[in-house]
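> whatever this is, show me its structure:
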Amino acid sequence: MKPLFNGDDVVARRIFESEAGPVELRIHRPQPWPSDTVEREPDWVCWYSIHFPGGEIRQGGVAGVDSIQAMLLSFASAAGALRYVGDGTSTRRPPLQWLDDDDLGLTINHFD
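Have a look, this model is predicted:
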């Protein structure tokens, strides 16, 4: 059984600019994977939703071994969904900017 998407439980959001208008990314609160599922399911899932100009809404969920991993993977998955149409091809969406930069600020480089 897959955990249900809860569109009201937003814990983070960011607005990007595009030629067509603002694009909003919403990260939803990570939630435990239901314990009554088949053996060895992921422990947590974190959903995201992207609201594009013209009314298109794209949702995705990423599972992880804990809530932090699920949330970090959700950011990474959303970054791909913001850049690519997601129809099985390599078709890119129109470019987005955040703070007047092409870097969408969804990844963090590790410091050693």
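
> any idea of the pLDDT on the closest residue to residue 10 other than its chain neighbours?
Spatial nearest neighbour of residue 10, chain neighbours left out: residue 26 (4.8 Å); criterion: CB to CB, 6 or more residues apart in numbering. Bear in mind the C-beta positions are built from the backbone N, C-alpha and C, glycine included. We have a pLDDT of 96 for residue 26.

> check contacts around residue 26.
Residue 26 is in contact with 7, 10, 12, 13, 48, 49, 50, 51, counting by CB atoms under 8 Å, 6 or more residues apart in numbering.

> make it 10 Å
7, 9-14, 47-51, 57, 59, 78 (CB atoms under 10 Å, 6 or more residues apart in numbering).

> show me the beta-bridge partners of it.
Beta-bridge pairing of residue 26 under DSSP bridges involves residue 13, residue 49.

> let me know the secondary structure of the residue positioned nearest the centre of the chain.
By CA atoms, centre = their mean, the chain has its centre lying nearest to residue 78, at 3.2 Å. Of the three states, residue 78 takes helix under DSSP: H, G, I helix; E, B strand; the rest coil.

> alright, calling it a day.
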